[in-house]
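Visitor: Test case, fold it:
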Amino acid sequence: MSIFSLNLLINTISVGLLGVFVCLKNYKNNINRKYALFCFFVTCWSFSYFMWSVSYSKESALFWSHGLIIGAVLIPVSFLHFVYSILYKTESIIRKRIILLSYTIFSIFLLLGFTPIFIRGVASKLSFQFWPKAGMAFYPFIILWFLYCIYAVYLLLVEYKNSVGLKREQIKYVTVGIAIGYLGGATNYFLWFDIPLFPFGNPLIPLSVAFMAYAIVRYRLMDIKVAVTRTGIFIAVYTLVLGLPFAVAVWFKGWFIGSFGANWWMLPLGLMAVLATIGPFIYIYIGRKAEDRLLKEQRRYQDTLKQASVGMTRIRNLRKLLDLIAHIVTKTVHISYAGIYLYNEETEEYVLQVARDKGRTPIAKITSGNPLMAWLTQNREPLIYDEVKLHMQHTPDKTYKDLEENMRLLTASVIIPCFLEDTLLGLFVFGDKISGQIYTPDDLNVFQVLASQAALAIENAQFYEETKEMQEQVAQAEKMATVGTMADGLSHQINNRFYALSLIAGDTIDTIKMTDTSKCAPEIKEMIEQINHALGRIQSNVIQGGEVVKGILKYTRKGEEGFSAITLDQVLDGTLEMVQYKVKLSEIDLVRNYPKDIPNIKGNLVQLEEAFFNFIDNAYDSTVERKTILQEPGYKGRITISAFPKDGKLEIVIEDNGMGIKDDNVKKVFTPFFTTKTSSRRGTGLGLYVIRRIITDTHKGKILFESAYKVGTRFIIELPVAS
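Guide: Next up is the predicted model:
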């Protein structure tokens with residue numbers, strides 16, 4: 001077997017495997033099927049060509065010469081059919097008729113290919129012992145063959161000029177691929193016209209088919225300059241490894257035989273072995289140097305992004321961190337838009353945190369139930385708009401239509417998910433490159449590294465801010481505890497002032513009463529009456545102030561009086577005395593839904609009042625939040641307190657129709673410093689933790705919790721009854 005025959009065998013195997021691979025990759029796709037059909041005819045041509053090249057008789061060579069016509073005749077029409085499937089989503093009636101007519105015309109040549117009209121025999125040409133001789137039908141066939149090839153390339157070039165984005169790149173690869181293939185395959189026809197030129201272009205054929213396979217299967221294409229350069233370098237090295245030993249064997253065969261006898265072939269074979277050994281190293285070295293020159297700018301900004309990703313974890317301020325990420329990406333990669341979305345647990349939405357754009361109005365929020373977020377969570381890989389658009393055009397899956405719509409609204413050219421383990425923290429939305437170039441696989445890899453490092457940096461910044469907030473809450477709790485320990489002294493001092501004011505006001509009123517004002521002018525009498533009225537109001541407010549101080553003192557004391565039999569009404573009445581100074585009870589309906597004869601509770605009145613104070617305060621905040629967020633017409637907050645005896649205990653149910661708590665937060669409600677309050681009255685997160693301690697530890701009772709988001713919350717409490 002000669003090197004030429006070996007090359008034909010390689011062509012047959014490689015093209016056939018590429019066709020099968022692309023077909024199996026997505027058999028339902030029309031493009032893949034048409035490409036596989038094209039590969040089938042190229043494979044038929046290559047296999048017949050191989051069998052002809054290894055024939056040892058005229059009869060066998062002539063038979064396989066007729067056989068290779070099967071592939072050669074149907075290659076141009078199958079390629080045109082493939083081009084139609086790439087360029088047009090549906091086939092028009094005109095295009096269908098063109099394809100049908102083309103198959104009919106070339107089928108005629110196919111039939112003639114088995115007659116002397118097409119091939120009139122074989123003859124020796126150059127180093128080939130049996131080369132086909134062209135018949136009359138061969139000449140119109142070859143003209144038509146080239147016209148079809150030119151027409152298909154023309155369609156590709158026109159569409160390339162009018163296309164943008166990834167489809168433009170896909171067409172570019174197919175065009176370059178077919179150009180390489182046609183130039184390589186055309187070298188086979190020189191000897192048909194008795195032009196003594198060796199068919200040196202055959203090694204280009206599998207490269208041509210590989211280019212097209214890459215354009216179909218891999219939408220994330222490399223830079224075309226790099227692809228062409230790699231191909232050129234590969235061809236040069238491949239030619240050196242296989243061509244040079246073959247040329248040496250042809251040119252110096254006589255001298256080799258005269259010098260080395262029957263074993264002359266070992267010299268070119270040894271040369272081939274040496275070149276085959278060093279060939280890959282030459283290819284890698286030259287390829288690396290060429291890519292460094294071609295991708296100098298791209299490598300520069302990728303190195304900048306990698307360096308930036310390493311230093312991000314040292315930034316503690318979340319806003320500063322996100323601004324830095326957006327700034328670095330837009331300035332180094334030169335993109336038109338960058339936006340960063342982070343997940344908000346309270347609203348279950350991905351909220352826009354930072355946006356750098358040119359006159360755009362970005363979408364502020366993306367719901368967690370959006371198909372875009374579902375796709376990113378499931379696939380955990382970048383999403384490219386042009387890629388999605390191509391999928392939408394060639395597959396019936398509705399998912400890609402939803403993805404395309406969302407990315408179009410976001411003005412996103414590429415979306416990079418930001419994961420921390422299995423949690424989607426957020427996403428980076430990037431617009432087009434200002435240069436108009438596509439995002440390469442290397443770009444996407446760098447962006448993914450950046451997103452991974454950013455996830456850690458974001459978590460660190462969020463943890464730092466939460467820790468800082470928790471420290472503030474602890475400090476506030478300590479202040480409140482200090483106020484509680486100071487309550488006795490403060491109440492004594494405040495009551496002394498109230499007592500002094502009461503004495504002053506009372507003495508002044510008595511003085512006015514004992515003074516004869518009958519002889520005073522009307523203006524003086526009126527002034528004295530106003531003063532007397534004002535002093536009366538002072539006395540009234542002094543009494544009310546004393547009650548407030550008494551209530552505060554009662555709330556802050558630990559309840560040293562111990563446990564006693566108390567009624568639920570006593571607990572609620574005492575609670576309402578204090579809670580009315582914090583919440584507006586007139587804005588809600590407070591319903592006592594229990595009979596008067598329920599058993600008494602064995603408990604500490606002050607501690608239970610503290611617990612119910614927190615229940616009512618939290619329920620009120622929840623109703624205010626629902627009213628503010630949902631804005632339901634006719635909505636009014638309601639707190640219902642029910643009670644009934646159960647197994648020797650009193651079960652109390654406190655239920656509200658407020659905002660409720662999300663499922664993710666249900667397990668956290670009794671955790672110290674956890675709070676769901678979003679208003680300016682944000683709490684310390686100690687209330688429910690203290691309540692559970694009072695109910696379970698101090699009173700040996702039970703407390704259960706149920707909540708439905710946007711529906712309401714229910715606390716179920718069991719307390720021991722007094723015997």
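Visitor: And Tyr337, how far from Val354?
Guide: 11 Å (Cβ to Cβ, to the nearest Å). Yep, even glycine has a C-beta here, placed from its N, CA and C like the rest.
Visitor: again, but for Ser46
Guide: Note on Ser46: its distance to Val354, by Cβ to Cβ, is 56 Å.
Visitor: okay, those two: which has more neighbours?
Guide: Shown here are Ser46 and Val354; by other Cβ atoms under 10 Å, Ser46 has more neighbours (26 against 19).
Visitor: From Phe40, how far off is that one?
Guide: Taking Cβ to Cβ as the measure, Ser46 falls 11 Å from Phe40.
Visitor: Same check on Ala412?
Guide: The gap separating Ala412 from Phe40 is 39 Å, by Cβ to Cβ.
Visitor: Would you double-check that Ile438 falls in a helix?
Guide: No. Applying DSSP: H, G, I helix; E, B strand; the rest coil, one finds Ile438 to be coil, outside a helix.
Visitor: Spatially, what comes nearest to it if we skip its sequence neighbours?
Guide: Distances taken as Cβ to Cβ, 6 or more residues apart in numbering place Glu169 nearest to Ile438, at 5.5 Å, with adjacent residues excluded.
Visitor: and the one you found, what pLDDT?
Guide: As predicted, Glu169 sits at a pLDDT of 74.
Visitor: Could you verify that it is part of a strand?
Guide: No. Looking at Glu169 with three-state DSSP, it is helix, so not inside a strand.
Visitor: Was I right to think it contacts Gln437?
Guide: No. Glu169 lies out of contact with Gln437 (Cβ atoms under 8 Å); the separation is 9.5 Å.
Visitor: neighbour-wise, which of the two wins?
Guide: Set Glu169 next to Gln437 and count neighbours by other Cβ under 10 Å: Glu169 wins out with 22 against 14.
Visitor: State the distance from Asp516 to Val42.
Guide: Shown here: Asp516 relative to Val42, a distance of 128 Å by Cβ to Cβ.
Visitor: quick one: which of Ala412 and Phe40 has more around it?
Guide: Regarding Ala412 and Phe40, a neighbour count based on other Cβ under 10 Å identifies Ala412 as having more, with 25 against 19.
Visitor: Spatially nearest residue to that one, not counting backbone neighbours?
Guide: Val429 (4.6 Å).
Visitor: Name the residues linked to that neighbour by a beta bridge.
Guide: Under DSSP bridges, the beta-bridge partners of Val429 are Gly339, Ile415.
Visitor: wait, doesn't it sit right on Leu409?
Guide: No. Val429 is beyond contact range of Leu409, at 10.7 Å (criterion: Cβ under 8 Å).
Visitor: Could you check which of these two is surrounded by more residues?
Guide: Neighbour tally, Val429 and Leu409, criterion other Cβ under 10 Å: the higher count belongs to Val429, 24 against 12.
Visitor: From Val333, how far out is the more buried one?
Guide: On the measure of Cβ to Cβ, Val429 and Val333 end up 13 Å apart.
Visitor: cool, Asn593 as well?
Guide: For Asn593, the distance to Val333 (Cβ to Cβ) stands at 64 Å.
Visitor: again, but for Leu157
Guide: Taking Cβ to Cβ, one finds Leu157 at 30 Å from Val333.
Visitor: So for the two, which sits in the more crowded spot?
Guide: Neighbours were counted for Leu157 and for Val333 using other Cβ under 10 Å; Val333 has more, 21 against 12.
Visitor: pretty sure that one is touching Asp432, no?
Guide: No. Val333 lies out of contact with Asp432 (Cβ under 8 Å); the separation is 10.7 Å.
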